[in-house]
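[1] here are the coordinates; sequence isn't available:
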């Protein structure tokens, strides 16, 4: 049964620099990289290519020794120019200098009617071989799914409610056919349902308009309504011992394309957002693109930060860094490394706050868009305030108790308080509004790892 | 402000690791972050922007909410003094006298507690906690103006060390720090904080004939004992220095003897409005606290065995420290119940207990202090059951 879920709790961080709904071409990126650090929980990455090798789009270049069947493929064709390692030889980036014309590995091609008769094993095999598998994420833990599991259901959040998030209607324009094909394949992977969750508060994107054969649910409310974790909590929550899978609509399209066209196509539209960007538009590129060409001559000052992803869950990258595997936007923000005289007491209407404590005036203009910088706005302190985390967490969960259980490494408490239901992004708003400035998302991941490896 | 910033930057290396005053780093940090919000930026992963609030701002909001009580308290100390000695003077003189008495108490509380806080920060190597901004203001407001300063200092140090620091500092304490200070004074130096003689400052002067310094609560208690109607006894009390000194209106506005900051229910309500509007204080605790007091007052009325029990329930709301205690003490986020459902029960029980202690306990005329401290101890138990219900829901959901 399709559901309509209205969420009241949450908070929309309204920022300056939303991308206009138009696609503009920038100078194409020359190098692309796959970053093993993008794959949470990847333990022993192993590179299968050497510097100097040439690869095609779809050539496997990496796998995790803990989950050998999952192959991570080159996003574009070209030459491996650098395998960058960090401390303790930790694998950081595998860089590819792209060819002018992308050439593709050829995989088996299916017609739409072939898809119907495909077995689960065939589908999984093709997804693994074709490099699309890492798009499928397992809950609990938020790690790349294990193909041997049978998930109780697959959840797709059809919209992104993060600050400045791109519109999937623009990202996936014209991909309706592949999206439907991707859904048909996903249906084979689970004995349960495939849920597609859409935004009740906005128009249905054309890409979702004609979908068939899946459960379509609607969600309404402020962020994090678009978080798949929140949606799972309200549709079919995860209990201990259960496994569900999630996949981004982009991944669904990629899967569809793999089956219908026989290629691993990583072309994607991404949004350039943020108050520091001059041109906030959508542009076409490939997975793992170097962002230098998108950033160069496109910022209002020299002192800025490039974030791959959004401001709540994203990652700071260098000005010539690489787009994260799962990201569809970059956000350019002013760097906030300045001192502010009496900054804790000064009344201000230019800084956004969920709170209304003395002098925080942003609640007076709820629709204003803010240009926030990366200043941490205070120092880390003990948990003092109560009851606010709950206001931005539309789940039946006590975030502070859960975080304290993690800090105390109390496994039973963590399980009982709902660690299986969340990943970092679900409590990202708590991190944003926290008076005591705790690294909430780090704590969440630490808790997940404790549970996962115990 | 560049001059100040340069000065701080120049001194900074001395306090950092390897510097001469490395051990005093957190003193430096306290000063620096007080003057300048730090230049820390957000981390590589996770939230890249942060909400404009920090703990300092939250705490200063409580201090602002306390200002009406403080200012009125200062005035009322003078007002009560001149009433008692039978002199008519202007507003300014009353205020000045109050200031002369109250300001030293505030300074001593901040200084003594600040030193205790700083010593612990240095020894235990943790930042100085902003919570003290509030505690240092609360303590002066819950003692009479005649309190000896050394006792204020001792109580403050006791509260900071025993009620807070030994538990690990701000955020870890079980009892409300300011209430602990008051309880310490209450049991260690009862002569200076109870009875009829301490609430009105007389100084060198003598009170007019027939003056009694009894608080409204002790008048009510005595009336209860002697079988006189409480409202009548309150109304006719201290007619030597003014008609209707303890009328309901006077008690509401706060023109009565009592601890410096807690006589005026009106000022507490203004503070409550600030706390609720800014979201810093829990409206659930405030509302349920007042409701609990009133409901238990009504229950007492229903079973009235003596005149004190028969006192109209709404009198409880304006007498003694109830309003102050509920608005500023019960809402302390650390020692109160932390779950939203728990807060309702927590406030309600504080109200209940306050009235029960007042009416049935022969030794203590005031109940809010013990009620808050007692419920501080029970708050974790309340939360325990609320959280347990959540765990149970999660467990029941599992079909396997």
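    Alright, I've got the coordinates. Every value quoted in this text rests on a predicted model; they were computed, and no experiment measured them.
[2] buried set for the biggest helix by length in chain B?
    The longest helix of chain B (DSSP state H) is helix B:91-124. Residues B:94-95, B:97-99, B:101-102, B:105-106, B:108-110, B:112-114, B:116-118, B:120-121 are the ones in helix B:91-124 that count as buried (16 or more other Cβ atoms under 10 Å in any protein chain shown). Every C-beta, even on glycine, is put in place using the N, C-alpha and C of the backbone.
[3] What's the separation between residue B:328 and chain A?
    15 Å (Cβ to the nearest Cβ, to the nearest Å).
[4] which residues does that residue contact?
    Residues near residue B:328 by Cβ atoms under 8 Å, 6 or more residues apart in numbering or on different chains: B:62, B:65-66, B:69, B:138, B:141, B:268, B:271, B:281.
[5] ditto for residue A:307
    Per Cβ under 8 Å, 6+ apart, neighbours of residue A:307: A:274, A:314-317, A:330-333, B:48.
[6] out of these, who's nearest residue B:215?
    residue B:48 (55.5 Å; Cβ to Cβ).
[7] Doesn't that closest one belong to a helix?
    No - applying DSSP: H, G, I helix; E, B strand; the rest coil, one finds residue B:48 to be coil, outside a helix.
[8] For the nearest residue to it once chain neighbours are set aside, grab the count of nearby residues.
    Spatial nearest neighbour of residue B:48, chain neighbours left out: residue A:311 (4.5 Å); criterion: Cβ to Cβ, 6 or more residues apart in numbering or on different chains. By the criterion of other Cβ atoms under 10 Å in any protein chain shown, residue A:311 has 27 neighbours.
[9] I'd guessed residue A:311 sits against residue A:330; true?
    No - the criterion here is Cβ atoms under 8 Å, and residue A:311 misses it with residue A:330 at 11.0 Å.
[10] Residue B:241: what's it in contact with?
    B:83-84, B:86, B:207-208, B:210-211.
[11] Counting neighbours, what do you get for residue A:38?
    Neighbours of residue A:38 using other Cβ under 10 Å come to 21.
[12] for residue A:111, same thing?
    Residue A:111: 10 surrounding residues under other Cβ under 10 Å.
[13] how near is it to residue B:291?
    Separation of residue A:111 from residue B:291 (Cβ to Cβ, to the nearest Å): 70 Å.
[14] who in the stretch 51-200 of chain B is up against chain A?
    Residues of the stretch 51-200 of chain B lying close to chain A (Cβ under 8 Å from any Cβ of the partner chain) are B:51-58, B:60-61, B:64, B:127, B:129-131, B:169-172.
[15] thinking residue A:215 is in contact with residue A:196, fair?
    Yes - look at residue A:215 against residue A:196 with Cβ under 8 Å: they come within range, at 6.8 Å.
[16] Show me which of the two is the more surrounded one.
    Taking other Cβ under 10 Å, residue A:215 and residue A:196 do not tie; residue A:196 has more neighbours (23 against 18).
[17] beta partners for the more buried one?
    Listed by DSSP bridges, the beta-bridge partners for residue A:196 are residue A:156, residue A:216.
[18] mind checking the SS state of residue A:449?
    For residue A:449, the assignment made with three-state DSSP gives helix.
[19] need the contact list for it.
    Taking Cβ under 8 Å, 6+ apart, we find residue A:449 in contact with residue A:41.
[20] ok so, going back, for the contacts of residue B:241, which one is nearest chain A?
    Ranked by distance to chain A (Cβ to the nearest Cβ), the contacts of residue B:241 are led by residue B:83 at 35.1 Å.
[21] Quick check: closest non-adjacent residue to residue 343.
    All of this is about chain A. Nearest in space to residue A:343, with sequence neighbours left out and distances taken as Cβ to Cβ, 6+ apart, is residue B:37 at 2.8 Å.
[22] if you could check chain B rather than the one you did, that'd help
    Leaving aside its chain neighbours, residue B:343 sits nearest to residue B:284 (4.2 Å; criterion: Cβ to Cβ, 6+ apart).
[23] The one you found - how many residues pack around it?
    A count of neighbours around residue B:284, defined by other Cβ under 10 Å, yields 22.
[24] sorry, back to before: what about the longest helix of chain B, average pLDDT?
    Mean pLDDT, helix B:91-124: 94.
[25] Mind giving me the packing neighbours of that helix?
    Judged by 3 or more Cβ pairs under 8 Å, 6 or more residues apart in numbering or on different chains; DSSP states H and E, helix B:91-124 is in contact with helix B:25-35, helix B:55-85, helix B:131-141, helix B:149-158.
[26] Could you say which of those helices is packed most deeply?
    Among the helices and strands packed on helix B:91-124, helix B:131-141 has the highest mean neighbour count (mean count of other Cβ atoms under 10 Å in any protein chain shown), at a mean of 25.
[27] and that helix, what does it pack onto?
    With contacts defined as 3+ Cβ pairs under 8 Å, 6+ apart, helix B:131-141 has these neighbours: helix B:55-85, helix B:91-124, helix B:149-158, helix B:177-188.
[28] Which residue ranges of the stretch 251-400 of chain B form helices?
    For the stretch 251-400 of chain B, the helices defined by DSSP state H, counting those that start in this stretch occupy B:265-278, B:283-302, B:313-318, B:322-324, B:340-360, B:368-397.
[29] Please, where are all the helices along the stretch 351-454 of chain A?
    Ranges of helices within the stretch 351-454 of chain A are A:399-407, A:411-417, A:428-433, A:440-452, based on DSSP H, counting those that start in this stretch.
[30] Dump those helices to TSV, plus distance to residue A:55.
    Below are those laid out as TSV (distance: least, Cβ to Cβ, whole Å):
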stretch	distance to residue A:55
helix A:399-407	40
helix A:411-417	42
helix A:428-433	35
helix A:440-452	31
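[31] three-state assignment of the residue nearest to the spatial centre of chain A?
    In chain A, the centroid-proximal residue (Cα atoms, centre = their mean) is residue A:326; its distance is 4.9 Å. Secondary structure, three-state DSSP: residue A:326 is coil.
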